[in-house]
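Have a look at this prediction, sequence included:
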Amino acid sequence: MPCYFYILFSKEADKYYLGHTCDCLEERVRKHLSNHKGFTGKNKDWRLVYQEEFESKSDAFARERQVKSWKSKKKITELISEKP
């Protein structure tokens, strides 16, 4: 089963959300859009803007930590714009 590192974007909040999952990616995005108390629960316009597939959860999580360590919206935007 593939795992994913993914990036969501909310235009309303002008923020990115970075995550990883081994579930169906579409289902995970749907959960972010549902009513909940987490970070993504505040806005309802999150959309998937980037994804990378990995063979293991640990690899997907490592990539998430790597990108989060950049602490740079500009670098994340550049990563998204480089995707084919």
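Here it is on my side, so go on.

Kindly format the C-alpha coordinates of whichever helix in the chain runs longest as PDB.
Across the chain, the longest stretch assigned as helix under DSSP state H is helix 57-69. Presented in PDB, the C-alpha positions along helix 57-69 are these (Å, rounded to 0.1, in the frame of the first residue of the first chain):
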ATOM      1  CA  LYS A  57       5.000   5.400   6.200                       C
ATOM      2  CA  SER A  58       8.300   6.300   7.700                       C
ATOM      3  CA  ASP A  59       9.600   7.600   4.400                       C
ATOM      4  CA  ALA A  60       6.500   9.700   3.900                       C
ATOM      5  CA  PHE A  61       6.800  11.100   7.400                       C
ATOM      6  CA  ALA A  62      10.500  11.800   7.000                       C
ATOM      7  CA  ARG A  63       9.700  13.800   3.900                       C
ATOM      8  CA  GLU A  64       7.000  15.700   5.800                       C
ATOM      9  CA  ARG A  65       9.500  16.600   8.600                       C
ATOM     10  CA  GLN A  66      12.100  17.600   6.000                       C
ATOM     11  CA  VAL A  67       9.700  20.100   4.200                       C
ATOM     12  CA  LYS A  68       8.400  21.400   7.600                       C
ATOM     13  CA  SER A  69      12.000  22.000   8.700                       C
END
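
so where's this structure shaky on pLDDT?
Low-confidence segments of the chain (pLDDT under 70): 83-84.

Show me where it has its strands.
Secondary structure of the chain (DSSP state E): strands at 3-10, 15-21, 47-54.
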